[in-house]
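>>> Got a sequence here, can you model it:
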Amino acid sequence: MSGRLEGRLIGLGVTGSIAAYKAVELLRLLSAEGADVVVLLSPAATRFVGPLTFAALSRHPVETDLLSLLPDGRIGHIVVGDTADAIVVAPATAHFLGSIANGLAGDVVTAACLATTAPVVVAPAMDGDMWRHPATVANVARLRADFGYTVVDPESGPLASGQTGIGRLAQLPRIVDAVVAAVGSRPVRSPDAGARPPIVDVTLRDADLVGRRIVVTAGGTREPIDPVRFIGNRSTGKMGVALARAALDRGAEVILIAGPVEVVLPDGVTIIRIESSAELRTALGRAMFEGPEPVDALVMAAAVADFAPVRPSPVKVHRGEGLTLELEATPDLLAEVSRTVSGGPAERAPVLVGFAAETGSLARAAEKLRSKGLDLLVANDVAEPGSGFGTDTNRVALVDAGGTREDLPLLSKREVADRILDRIAAALDARDDAAQTAAGASTAAPAHGSRHG
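Presented below is the predicted three-dimensional model:
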């Protein structure tokens, strides 16, 4: 029997309330009614429930960043606004109510609501005093009277503050009923699947990096010419940040060393900001060798400048003076780390992963892996459409120390990150198994040279 929302696309907006965890079950209920659901998370909501959970259940990319694009290059929250049969925001915070009532689009949830002509259903959840505040009352009244939104009032019960009163998110079946009523008998707004947000293959990984300490570098470096100008590159940091998020979702303790980036850095990781390759060198040394615990893996996704000015000017060089730059090669930081760790005990050796951005051919990848002493090299052709700097997708080849090469298809950078972390998790398990086997063999070996009476 078909559900009441069969064939409908429903946008589910989640904002930063402790009730955000209930949105997972709301997604299930909407899906059970036959809806195709795409999720939008405010930045605060991601601190309560990770995007991967919603992506795995909805099979759509989860919208979290106003500036990010879908794998096919479209603007995600605009696609939701244009194709959804309804948008439901649950839970909706007081901040969301105030923002949307005043036309402020500071995140993907508010932006999608402003960009749509579809019905919008709002289910608030907050402290009781916040719900009764005149500002909140006025905002809710405006949403109902001026915008035509359906507001599913919160219910009474125990609140996160420890008090009991009105403010709890409404029962989920009530919210589903409100969505069904809002859609009514309207025709399906966008029956063409190609117009809707794309389907993605998201497989939930196990928490196989719990207890692991992983250092990730992201973004480019800026090598100063003078106090105003620098030599840089086109890196946006998307690949490194995707790796940090994926490692965090799999239970790792993550240290993210970030140069200049164009994406929001994730919460829940230790962030070290740098600009130049010299600063990155210092940060790497401290993170890898001066921390309280050994590092299990280093993923060097940052695009480190290959050259830097020999003599940066301490003052701005004026245009009339002309400018001739003498450049010198920057140190190979990953090779330096490799040489340092090679002298340590094998049972604690970190897995070292490097990146190689090439143009036209990946033939040099295997030699780069050997010369740097890496366990895995991720190579890509940055001139290929959809691959490399600034894109949300990547097509890479994984080359390992055993000489094998795996060419991956064009994937989201998050999926590429998980494929890399699959390799890291397996390598760390193999390292630990080898250490246990060696320790067991040492314990079982008979003693030699003992004297007998």
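>>> Can you get me a residue count around residue 402?
6 (other C-beta atoms under 10 Å). Every C-beta, even on glycine, is put in place using the N, C-alpha and C of the backbone.
>>> Need the three-state assignment for residue 96.
When classified by DSSP: H, G, I helix; E, B strand; the rest coil, residue 96 comes out as helix.
>>> for residue 91, same thing?
Residue 91 is classified as strand under three-state DSSP.
>>> so how far is residue 125 from it?
4 Å (C-beta to C-beta, to the nearest Å).
>>> More neighbours: which of the two?
Neighbour count, other C-beta under 10 Å: between residue 91 and residue 125, residue 91 has more, with 29 against 25.
>>> Would you mind listing where the stretch 101-250 of the chain has pLDDT under the threshold?
Within the stretch 101-250 of the chain, the ranges that satisfy pLDDT under 70 run 201-204.
>>> which neighbours do residue 91 and residue 125 share?
With contacts defined as C-beta atoms under 8 Å, 6 or more residues apart in numbering, the residues shared by residue 91 and residue 125 are 17, 19, 169.
>>> Tell me, how many residues neighbour residue 413?
Residue 413 has 23 neighbours, counted by other C-beta under 10 Å.
>>> wait, doesn't it sit right on residue 239?
Yes: counting by C-beta atoms under 8 Å, residue 239 is a contact partner of residue 413 at 5.2 Å.
>>> all helices for the stretch 251-400 of the chain, in order.
Taking DSSP state H, counting those that start in this stretch as the criterion, the stretch 251-400 of the chain carries its helices at 277-289, 333-341, 365-372.
>>> And the helix ranked longest in the chain, what's buried?
Counting by DSSP state H, the longest helix found in the chain is helix 413-444. Neighbour-count burial for helix 413-444 flags 413-421, 423-425, 427-428, 431 (criterion: 16 or more other C-beta atoms under 10 Å).
>>> thinking again about what came up before, make TSV from the shared contacts of residue 91 and residue 125 and add secondary structure and distance to residue 216 to it.
TSV is the format used below for the shared contacts of residue 91 and residue 125 (DSSP: H, G, I helix; E, B strand; the rest coil; distance: C-beta to C-beta, whole Å):
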residue	secondary structure	distance to residue 216
17	coil	30
19	helix	32
169	coil	35
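>>> Among these, which one is most surrounded by other residues?
Result: residue 17 is most packed of the shared contacts of residue 91 and residue 125 (other C-beta under 10 Å), 28 neighbours.
>>> Run through the residues that contact that one.
Contacts of residue 17 (C-beta under 8 Å, 6+ apart): 45, 48, 91-93, 125-126, 169.
>>> show me the contacts for residue 188.
Counting by C-beta under 8 Å, 6+ apart, residue 188 has contacts 7-8, 85.
>>> Narrow the residues you listed to just the buried residues.
8, 85.
>>> Would you format the helices of the stretch 251-400 of the chain as CSV with mean pLDDT, mean neighbour count and distance to residue 325 included?
Output for those, formatted as CSV (pLDDT from 0 to 100; neighbours: other C-beta atoms under 10 Å; distance: least, C-beta to C-beta, whole Å):
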stretch, mean pLDDT, mean neighbour count, distance to residue 325
helix 277-289, 96, 18, 16
helix 333-341, 94, 19, 22
helix 365-372, 88, 18, 26
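>>> quick one: which of the ones you listed is nearest residue 301?
The closest of the helices of the stretch 251-400 of the chain to residue 301 is helix 333-341. By C-beta to C-beta, the value is 10.7 Å.
>>> export that closest one as PDB, just CAs?
Extracted C-alpha coordinates of helix 333-341, given in PDB (Å, rounded to 0.1, in the frame of the first residue of the first chain):
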ATOM      1  CA  LEU A 333      57.900  17.900   4.700                       C
ATOM      2  CA  LEU A 334      56.400  14.500   4.300                       C
ATOM      3  CA  ALA A 335      59.700  12.900   3.300                       C
ATOM      4  CA  GLU A 336      61.200  14.600   6.500                       C
ATOM      5  CA  VAL A 337      58.600  13.000   8.700                       C
ATOM      6  CA  SER A 338      59.100   9.600   6.900                       C
ATOM      7  CA  ARG A 339      62.900   9.700   7.600                       C
ATOM      8  CA  THR A 340      62.300  10.600  11.300                       C
ATOM      9  CA  VAL A 341      59.800   7.800  12.000                       C
END
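>>> Who are the packing partners of that helix?
helix 277-289, strand 297-300, strand 351-358, helix 365-372 (3 or more C-beta pairs under 8 Å, 6 or more residues apart in numbering; DSSP states H and E).
>>> Just send these back as TSV, with distance to residue 145 too.
Shown next, in TSV, are those (distance: least, C-beta to C-beta, whole Å):
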stretch	distance to residue 145
helix 277-289	54
strand 297-300	52
strand 351-358	54
helix 365-372	62
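>>> Could I get the full set of helices for the stretch 51-200 of the chain?
51-58, 76-83, 94-101, 108-114, 128-132, 134-145, 172-183.
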